[in-house]
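**Student:** Starting from these lines, generate the structure:
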Amino acid sequence: MERMTAVFPEEDFFVLSSLPPSPTQKRLALVVTLALLATFLLAAGPFSHIQTNRVAAFVPAYATALVLSEGITAYLLFSQFAIFRTRALLVISSGYLFTALMAIAWFLMFPGVFAQEGLIGGIQGRAYIYFFWHTGFPFFVMVYALTKDADPKKRYWNGTVRAAIFWSVLITTAVVSVLAFFLATQNSALPRVELDPLHFSPLWLYFAVPMAALIILALLVLWARRRSILDLWLMVVMCAYIIEIWLSYFPLAVAYGFGWYASRIFGLFASSLVLWVLLYEITTLYARLLLAVRAQRREREARLMTGDTIAASIAHEVQQPLSGMITSADAGLRFLNRSMPDLDEAKGAFEQIVADGHRAAAVIKSIRTLFKTQNQNRVTFDVNKLIEDTLALVQEDLQKHRITVERKLDEHLPQTTGDRTQLQQVVLNLMTNAIDSMAGISGSRILSVQSGLDDDGGVSISIADTGEGIGSLDIDRIFNPLFTTKPHGMGMGLSICRSIVEAHNGRLWVAPNTPRGAVFHTSIRYRRA
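**Tutor:** Coordinates of the predicted model:
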């Protein structure tokens, strides 16, 4: 047989059998237990003498629900054992499989369902199978509690997982089958615990007391060794088991009475409680895994913006001020090369070169801050003034491509706090993209710029164009690093813009414009009251 190495304890800190319960889970378990106790007091007190009739469909529905809930619980616990290989999980998994199989045997022996005396055995077999059913599971619970804190060398299964599960299922099934066969064939020889399908004999006391005592013992062992979420809810299950036993025999030892029906409801609750907890914890862990995968994907995308990508980002962002510097230098040289040099114009051109140089330095500094995740250089500024300054930077391109600018700026917009250089790069990038999108089209070319407050109190900036627009297939990936729709684009501008906006607790998104083009919306959360 193939041998497998044991799983190290550090690897199972997310499994239900070792993850400690939170204070909220402890409070919830207490509330559930108190609700069970309150319901029990009502069922055993004021409502105990209510006359009820036999409902033919109740037992089949009850048994089916039991088998399904306990069978699914066993499957999920076996699945956890296959991952973490703790012997305690193997024991409690076998315990839930045991209860599911015993529920099947109880159902087959129940009189009046398939046959008058039961499909197999008889009414005595039904009573005895119930006894072994409700004493067997507490035994599994005690073995689980005693095994889970064993020495690490004994705590983990060292063999193959398939072999462990196979032999557990085989042995559990064999035990239940042998027990059911014996009770079915020896029905007439068994001491009469039931006088008829409705009434119990005085011997019921010899059944109720041992069952209740074993359940209480299992509860005490769990309490002494409680460590995990599974321990916590198994204790609640044991409490429900005690209530079920009590209502089955007290105050009236009669089938189909109100207490009998109530006890079966408690039994169904007990059988499905761990299943609900398992499903909840699995859903919670799945959600955490999804968030981790998303975070890993974002980290991977962020890593793309290193090395050559950072160089591409810097080249992309400083292209605009460098182009302005070249244009101003050419203009200054022309003014100086005239027969009568125009010194004032040349001076203005050189001053523009200095301004563009300072802007390029500020852009590089802001990019370094962005990549190094340093604290942003936040200042208070006027968003409308930022928009007007940015429009001045692209004025030459607007005139070159005969683009009309429409302004809808909120004059009552409050001052905004943030990194002005970075946010101006966002607005400049969006305006430049809009200009490029409209450069090659015929018809009206309109750049619409709007500012205001959004519904959440953030400052919003919208930049719309009447250009080529963004295809439906590209709209979801337009902000991805290195993705571009331009023939000579680098695919970094919008990715950097979104990173800057998100660093300001805002968001950046795009939508189709009407009748054509695209509109980019920016919402910034850094704002003074």
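**Student:** What helices and strands are in contact with the longest helix seen in the chain?
**Tutor:** Determined from DSSP state H, the single longest helix within the chain is helix 258-304. Under the contact definition 3 or more CB pairs under 8 Å, 6 or more residues apart in numbering; DSSP states H and E, helix 258-304 sits against helix 23-44, helix 58-84, helix 87-109, helix 229-249. C-beta here means a position set from N, CA and C on the backbone, and glycine is covered the same way.
**Student:** Show me which residues of the first one are buried.
**Tutor:** Of the residues in helix 23-44, those buried under the neighbour-count criterion (16 or more other CB atoms under 10 Å) are Q25, L28, A29, V32, L36, T39, F40, A43, A44.
**Student:** and that helix, what's its mean pLDDT?
**Tutor:** Taken as a whole, helix 23-44 has a mean pLDDT of 86.
**Student:** Taking helix 229-249 as reference, get the angle to it.
**Tutor:** Interaxial angle of helix 23-44 relative to helix 229-249 (axes from the mean of the first three to the mean of the last three CA atoms, to 10 degrees): 0 degrees.
**Student:** contacts for helix 23-44?
**Tutor:** If you take CB atoms under 8 Å, 6 or more residues apart in numbering as the criterion, helix 23-44 is touched by 21, 229, 232-233, 235-236, 239-240, 243, 246-247, 250-251, 258-259, 262, 266, 269, 273.
**Student:** Mind doing that once more with 6 Å?
**Tutor:** Helix 23-44 is contacted from outside by L232, V236, C239, A240, I243, L247, A262, using CB atoms under 6 Å, 6 or more residues apart in numbering.
**Student:** One more: the shortest one?
**Tutor:** Applying CB under 6 Å, 6+ apart, the external contacts of helix 229-249 come out as 16-17, 19, 21, 29, 32-33, 36, 40, 43, 141, 204, 208, 211-212, 215, 218-219, 222, 259, 262-263, 266-267, 269-270, 273-274, 277.
**Student:** Show me how far it is from its chain's centre.
**Tutor:** 30 Å (CA atoms, centre = their mean, to the nearest Å).
**Student:** will you turn the helices and strands packed on helix 258-304 into TSV that also has distance to D397?
**Tutor:** Formatted as TSV, the helices and strands packed on helix 258-304 follow (distance: least, CB to CB, whole Å):
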stretch	distance to D397
helix 23-44	58
helix 58-84	60
helix 87-109	68
helix 229-249	63
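**Student:** Among the ones you listed, single out whichever gets nearest to A346.
**Tutor:** A346 sits nearest to helix 23-44 of all the helices and strands packed on helix 258-304, at 73.2 Å, using CB to CB.
**Student:** With only the CA atoms kept, save that closest one in CSV.
**Tutor:** The C-alpha coordinates for helix 23-44 follow below in CSV (Å, rounded to 0.1, in the frame of the first residue of the first chain):
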residue,chain,number,x,y,z
PRO,A,23,-17.3,35.7,19.8
THR,A,24,-20.2,36.2,17.4
GLN,A,25,-20.4,32.4,16.7
LYS,A,26,-20.3,31.7,20.5
ARG,A,27,-23.2,34.2,21.0
LEU,A,28,-25.1,32.6,18.1
ALA,A,29,-24.6,29.1,19.6
LEU,A,30,-25.9,30.4,23.0
VAL,A,31,-28.9,32.0,21.3
VAL,A,32,-29.7,28.8,19.4
THR,A,33,-29.4,26.7,22.6
LEU,A,34,-31.7,29.1,24.6
ALA,A,35,-34.2,29.0,21.7
LEU,A,36,-34.1,25.2,21.8
LEU,A,37,-34.7,25.3,25.6
ALA,A,38,-37.6,27.7,25.3
THR,A,39,-39.2,25.6,22.6
PHE,A,40,-38.6,22.5,24.7
LEU,A,41,-40.3,24.1,27.8
LEU,A,42,-43.3,24.9,25.7
ALA,A,43,-43.5,21.5,24.1
ALA,A,44,-43.1,19.7,27.4
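**Student:** now the angle from that helix to helix 258-304?
**Tutor:** Using the same axes, to 10 degrees: helix 23-44 against helix 258-304 is 170 degrees.
**Student:** wait, is T522 part of a strand?
**Tutor:** Yes. Assessed by DSSP: H, G, I helix; E, B strand; the rest coil, T522 belongs to a strand.
**Student:** mind checking the SS state of the nearest residue to it once chain neighbours are set aside?
**Tutor:** Once flanking residues are discounted, T522 sits nearest to I461: 4.5 Å by CB to CB, 6 or more residues apart in numbering. In terms of secondary structure, I461 is strand; the call rests on three-state DSSP.
**Student:** How much space separates I461 from D455?
**Tutor:** Distance from I461 to D455, counting by CB to CB, to the nearest Å: 15 Å.
**Student:** Equivalent analysis for T514, please.
**Tutor:** 21 Å.
**Student:** Also I171?
**Tutor:** For I171, the distance to D455 (CB to CB) stands at 63 Å.
**Student:** How about S248?
**Tutor:** S248 sits 59 Å away from D455, going by CB to CB.
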